[in-house]
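Engineer: Below: sequence and its predicted model.
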Amino acid sequence: MFATFDKYRQVFLTGLQSNIVYRFNFAVRGFFSLFHLAAVVILWSAASLGGSGGLGGFSLGQTITYFVTLLILQFFISAFNEDYQISEEIRNGLINQFLLKPINYFAYRFSIFVAARLVSGLVVIVPLLIALPVLREYLEFPHDYRVLLFGLPAMAMSAVIQFSIAYCFGLLSFWFLEIQGFVILSMALETLLGGQMFPLDLLPEWAYAIARCLPFYYQMYFPAAIFTGRLTDPTLIFQGYGIQAAWVIALLLVNQLLWSRGLRRHTAVGG
Amino acid sequence: MLHYAKIWAASARYSITRTLMFRGDFFVWSLVELFWMAVNILTITVIYEHTQSIAGWTKYQMVLLVGTSMLIQRFLMGFFWSSIFEMGRNIRSGNFDFYLAQPGNVMFMATTRKLDPDSLLNSLVAAAVVIYAAHQLGLDPSAGQIALYALMVLCGVVIHYSILVLSISLAFWLTSAQGIEGLYFTLTEFSRLPRAAFTGIATQMLFVWLLPVVMVTNVPASLLVQGFDLTLSAWLFGSALVWFAAAVFVFNRGLRRYTSASS
C-alpha cells in the first residue's frame, strides 16, 4: 500500500520539477489571460449598463468575480495539453515501457497532471496580483467561509473529470492518427457548456436544466458557482455532488475500457 | 502579376487535392469552425436575454458585428493561416530554405502556399450570418454600400494578415514564435466588441487605435448599420496600408537574419 503510494509520490515530485521548468511559459499564459479578462470586463460592463443594472439577478461585480474565479480554477484544475502528451506517447511508442512495468498508466499520468496544475495554479497568481489594483473594484466574493468548504470537494472532482476527458481523447490515438480535431471540437462544447462564455445560470431555465446533467457543467462551472456564491442552496449543491460523482465514475470506466480495448490494437515495435 | 496568379492557382489546386485525400479531416475541421461560430452567436443570444443593448448595439446589430468578425477570420484562416504558421516552424527548423529557392517573392510564396477549404466553406456560413442579421434589422443596403463593406472586410483581412506575419516574423530573431497563436485568438475577442464599449482611455488607445482589432470589424459593421463614414473608412484603409508596409519591412529585415539551420 505504502509502496504504491510512494511510487506515485515520486512521479509527482518528478512532475513538479519538470513543470517548474515551464514556469515562465505558464506566467506568459497567465499574462495573456489578462487580455481575456479585459475583454470580459468590457463586454459585461456594457451589457450591464444596457440592462437594468444587473445580469440575471447578479451585480456586475459578481459577474466579473465569476470570470476571475474561472480563470484561477482553469490554471489549477483544467487539462492543458495532457491529451496531446498521451497521444504522443502512444504514437511514438514511449508507452511501451509502461506496459512492462508495475505501474498504472492512468495513475502515473494523473500524478504528473496534479503536479503540473499545482505549478501553473501558483504561477497564475502573479499576473493576477499585478492586475489586482484594477480588478479590485470589481471583486465581490461572498463573505462566508462555507463556500470554501462546499467548493473544494467540487473542485477536486472537477479536476478528475477534466483529466479523465483529456485522457480519453489521448487514448483515441490507438484508433486515430490525429486527435486535434476531436479535441478542439470538444473544447467548443466545453467552453460553452462549462460556463466559460457566460455563467450558465443565465441560460433559459430548460437549457440550464439540461446543462446540469452534462459532464461539462461539472468540469468548471460547478465549483466556480459555489465559490462565487451563485449556487448557495445546500440541497442543490449535494445534488450536484451526486451527479458529479456519477460522471467521475462513468468517465473512469470509459477510460478503463478505452485503455484495455486500445491495447489490443496497439503494436509495440522496436526496442 | 499573371505569374503570381498562376503560382497561386497551382497552390490552390494542390490544397484542394489534399483535402479530397483527407475527407474525414475536412469534415471534422469544418465542424470545428461551425461549432465555434455557434458558440459566439449563442453567447450573444444569451446575453441579450438579460440586457437590451451593449454599448448602444441591439441584439441583431451585435450578431452582424460578430458575423463580420467571423467573416474576416474565416478568410484569413482559409487563405493564409496554415502557411503563416508553418512559416514559423520552418524558420526554426531550417525548412524555410525551400521557399528561398522558389521563383517568386519569398513572402508571397511562404504565406500563400496552403488553402484551408474548410474555412472557405465556413466563410459562406459567416456571410449568411451577416445577411440574416441585416435582414432582421430590416437593412436595405445599396450596391455601393455592399461594395464598400466588401472593401472594408478586405482591409480587415489585410490588417489581420499583416499583424500575423509581423508576429511570426519575430521567429527570425527569437527562433521560436510559439504562443503567438494564443495571443492572436485573445485579440480577436476584442474584435467582437462594439467600439463604444471601450470606455477606458488605456483600452481605447491600445485596442481601438494602436492595434486596430476593434476597428477592423466595427467599421464595416457600422457601415451597414449606421451608414457610411468617410473618416473611419479612410482610416481603416490607411491603416491596412501601414500595417502591410510594416509587415513587408519586418519580414524582409528578418529574412536577412535567416541563417538556415541545416544539420
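Structural biologist: Yep, it's here.
Engineer: buried sites along the helix or strand hosting residue B:153?
Structural biologist: Using DSSP states H and E, residue B:153 sits within helix B:143-169. Within helix B:143-169, the residues that count as buried by 16 or more other Cβ atoms under 10 Å in any protein chain shown are B:148-149, B:151-153, B:155-169. Where you see a C-beta, it was placed from the backbone N, CA and C, and this is true even at glycine.
Engineer: Check stretch A:248-263 too.
Structural biologist: Neighbour-count burial for stretch A:248-263 flags A:248, A:251, A:255, A:258-259, A:262 (criterion: 16+ other Cβ under 10 Å).
Engineer: Kindly identify which of those residues also come near chain B.
Structural biologist: For chain B, no contacts are drawn from these by Cβ under 8 Å from any Cβ of the partner chain.
Engineer: Which of these fall in helices?
Structural biologist: A:248, A:251, A:255, A:258-259, A:262 (DSSP state H).
Engineer: for chain A, what are the nearby residues on the stretch 151-263 of chain B?
Structural biologist: B:179, B:182-183, B:186-187, B:189-190, B:193-194, B:196-199, B:203.
Engineer: make it 10 Å
Structural biologist: Residues of the stretch 151-263 of chain B found near chain A (Cβ under 10 Å from any Cβ of the partner chain) are B:178-179, B:182-183, B:185-194, B:196-200, B:202-203, B:206-207, B:214.
Engineer: Contacts for the very next helix or strand once past the helix holding residue B:153 next, please.
Structural biologist: Helices and strands here follow DSSP H and E; after helix B:143-169, the next one along the chain is helix B:171-174. With contact meaning Cβ atoms under 10 Å, 6 or more residues apart in numbering or on different chains, helix B:171-174 is reached by B:87-92, B:96, B:177-178, B:180, B:250-251, B:253-259.
Engineer: Mind jotting down where the helices sit in the chain?
Structural biologist: You didn't pick a chain, so chain A it is. Ranges of helices in chain A, per DSSP H, are A:2-20, A:23-50, A:60-77, A:82-91, A:96-100, A:105-135, A:146-171, A:180-193, A:205-211, A:221-227, A:234-265.
Engineer: Chain B, not that one
Structural biologist: Taking DSSP H to define them, one finds helices in chain B at B:2-21, B:23-47, B:59-76, B:82-93, B:97-100, B:106-111, B:117-136, B:143-169, B:171-174, B:180-190, B:201-203, B:213-225, B:230-257.
Engineer: Would you convert these into JSON lines that also reports mean pLDDT?
Structural biologist: Converted to JSON lines, these look like this (pLDDT from 0 to 100):
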{"stretch": "helix B:2-21", "mean pLDDT": "89"}
{"stretch": "helix B:23-47", "mean pLDDT": "89"}
{"stretch": "helix B:59-76", "mean pLDDT": "94"}
{"stretch": "helix B:82-93", "mean pLDDT": "85"}
{"stretch": "helix B:97-100", "mean pLDDT": "86"}
{"stretch": "helix B:106-111", "mean pLDDT": "88"}
{"stretch": "helix B:117-136", "mean pLDDT": "92"}
{"stretch": "helix B:143-169", "mean pLDDT": "93"}
{"stretch": "helix B:171-174", "mean pLDDT": "81"}
{"stretch": "helix B:180-190", "mean pLDDT": "79"}
{"stretch": "helix B:201-203", "mean pLDDT": "82"}
{"stretch": "helix B:213-225", "mean pLDDT": "91"}
{"stretch": "helix B:230-257", "mean pLDDT": "92"}
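Engineer: which bits of the stretch 51-200 of chain A sit near chain B?
Structural biologist: Residues of the stretch 51-200 of chain A lying near chain B (Cβ under 10 Å from any Cβ): A:51-58, A:63, A:134, A:176-178, A:180-189, A:191-193, A:196-200.
Engineer: Any regions of the stretch 1-150 of chain A where pLDDT drops low?
Structural biologist: For the stretch 1-150 of chain A, applying pLDDT under 70 flags the ranges A:1, A:53.
Engineer: what's the neighbour count on residue B:10?
Structural biologist: 11 (other Cβ atoms under 10 Å in any protein chain shown).
Engineer: ok, it - contacts?
Structural biologist: Residues in contact with residue B:10 (Cβ under 10 Å, 6+ apart) are residue B:113.
Engineer: Residue A:249 now?
Structural biologist: So residue A:249 contacts residue A:160 (Cβ under 10 Å, 6+ apart).
Engineer: Quick one: residues contacting residue B:114.
Structural biologist: B:11-12, B:14-15, B:18, B:78-86.
Engineer: which one of these has the most neighbours?
Structural biologist: residue B:84 (25 neighbours).
Engineer: wait, doesn't that residue sit right on residue B:164?
Structural biologist: Yes: the criterion here is Cβ atoms under 10 Å, and residue B:84 meets it with residue B:164 at 5.3 Å.
Engineer: Return every residue with contacts to both of the two.
Structural biologist: With Cβ under 10 Å, 6+ apart as the test, residue B:84 and residue B:164 both reach B:76, B:111, B:180-181, B:184.
Engineer: With neighbour count as extra columns, can I get those residues in JSON lines?
Structural biologist: Shown next, in JSON lines, are those (neighbours: other Cβ atoms under 10 Å in any protein chain shown):
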{"residue": "B:76", "neighbour count": "24"}
{"residue": "B:111", "neighbour count": "24"}
{"residue": "B:180", "neighbour count": "19"}
{"residue": "B:181", "neighbour count": "16"}
{"residue": "B:184", "neighbour count": "19"}
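Engineer: Mind putting these into a markdown table with distance to residue A:20?
Structural biologist: A markdown table is the format used below for the shared contacts of residue B:84 and residue B:164 (distance: Cβ to Cβ, whole Å):
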| residue | distance to residue A:20 |
| --- | --- |
| B:76 | 37 |
| B:111 | 37 |
| B:180 | 24 |
| B:181 | 24 |
| B:184 | 28 |
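Engineer: picking up where we left off before, looking at the buried residues of stretch A:248-263, point me to the pair that's furthest apart.
Structural biologist: Using Cβ to Cβ, the buried residues of stretch A:248-263 span at most 20.8 Å, a distance reached by A:248 and A:262.
Engineer: Does residue A:88 touch residue A:180 like I think?
Structural biologist: No: between residue A:88 and residue A:180 there is no contact under Cβ under 10 Å: 11.8 Å.
Engineer: got the CA positions of stretch B:68-77 in CSV?
Structural biologist: C-alpha atoms of stretch B:68-77 as CSV (Å, rounded to 0.1, in the frame of the first residue of the first chain):
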residue,chain,number,x,y,z
THR,B,68,-18.3,40.4,-39.7
SER,B,69,-15.6,39.3,-37.3
MET,B,70,-16.2,35.7,-38.2
LEU,B,71,-16.1,36.5,-41.9
ILE,B,72,-12.7,38.2,-41.7
GLN,B,73,-11.3,35.4,-39.6
ARG,B,74,-12.6,32.7,-41.9
PHE,B,75,-10.9,34.5,-44.9
LEU,B,76,-7.7,34.8,-43.0
MET,B,77,-7.8,31.1,-42.0
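Engineer: Quick check: buried residues in stretch A:143-159?
Structural biologist: For stretch A:143-159, by 16+ other Cβ under 10 Å, it's A:147, A:150-151, A:154-155, A:157-159.
Engineer: which among the residues of the stretch 151-263 of chain B next to chain A end up buried?
Structural biologist: Buried among those by 16+ other Cβ under 10 Å: B:183, B:186-194, B:197-198, B:203, B:206-207, B:214.
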